[in-house]
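**Student:** attaching a predicted model along with its sequence, questions to come.
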Amino acid sequence: MSSIDTLIDADTIARRVKELGAQITADHAGRDLVLVPVLNGSFVFAADLARAIELPLAIDFFGCRSYEGTASSGVVQTTLDLSHPIQGKHVIVVEDIVDTGLTMTYMLENLRTRRPASVQLASLLSKPARRKVDVAIDYLGFEIEDVFVVGYGLDFDEHYRNVPYLGVLRS
Ligand code: 5GP
C-alpha cells in the first residue's frame, strides 16, 4: 500500500457518502427506489451509500465495459443485465467515476428505454477535464483533477480495489 499517494482519505469519503445518503433519503421518501450499481468499480461505494440511505430500497447490479481498443467510440458492452424490470420505479445508477462520460451516456439511455419513473446518477468521482459528452450527475461525491485513481473499489489491472481510501499510484 505504500506505493499509493492518498488523494481522499477514508474519513473524508465516509463523511461525504453519509451526506449523499441523507440527500437521497430526503429526495426519495415514499418512492419505489432501486439502486443500480455498475460493476465492478462501484461495489464499495454502493455498499456504503446503500447503508447511508434510510429508506426501503432494492439493489440490482448492472455490468458494462467499453469494447477493447474502442474506449473513445462510446461502444459499450453489457456484461451483466438487471435481474428485474424497472418500469415505474425510481432508479439511481451508482457509478465509481465519470471520466469521458461515454459509459454513463450508454447506460442511462439503455435504462430509460425500460420506462422507469425516473433515472438519476450517483457518482463517487467526476473528472470534468476529460469529458467528451455531457452527463448530469445528480449526486456527486468529489470532483477531481485528471489523475488515475485507485482504491475504494477502483482498480489498476484488477488490483487495489480493497484499498480503503482513494489514491494515486506513485510512478
Ligand atoms: P468513461 O466512459 O466515463 O470514460 O469511463 C468510466 C469508467 O472508466 C469508470 O467506470 C472506470 O471504470 C474507468 N475509469 C475512468 N477513470 C478512472 C480512474 O482514474 N481510475 C480507475 N481505476 N478507473 C477509471
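**Tutor:** Received it, and whenever you're ready, just let me know what you need. Numbers count the residues shown, from 1 in each chain.
**Student:** count the neighbours of the closest residue to residue 52 other than its chain neighbours for me.
**Tutor:** Spatial nearest neighbour of residue 52, excluding adjacent residues (CB to CB, 6 or more residues apart in numbering): residue 21 at 2.4 Å. In this view, the C-beta of every residue, glycine as well, is placed from N, C-alpha and C. Neighbour count for residue 21, taken as other CB atoms under 10 Å: 20.
**Student:** would residue 21 count as being in a helix?
**Tutor:** Yes: under DSSP: H, G, I helix; E, B strand; the rest coil, residue 21 sits within a helix.
**Student:** OK, contacts around it?
**Tutor:** By CB atoms under 8 Å, 6 or more residues apart in numbering, the contact set of residue 21 is 49, 51, 52, 53, 54.
**Student:** restricted to buried residues, select these in ChimeraX.
**Tutor:** Selection command for ChimeraX covering only the buried members of the contacts of residue 21, criterion 16 or more other CB atoms under 10 Å:
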select :49,52,53
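**Student:** closest to residue 31 out of the contacts of residue 21?
**Tutor:** Taking CB to CB as the measure, residue 31 lies nearest residue 53 of the contacts of residue 21, at 11.4 Å.
**Student:** measure that closest one to the ligand for me?
**Tutor:** Remark: distance between residue 53 and the ligand (CB to the nearest ligand atom, to the nearest Å) = 21 Å.
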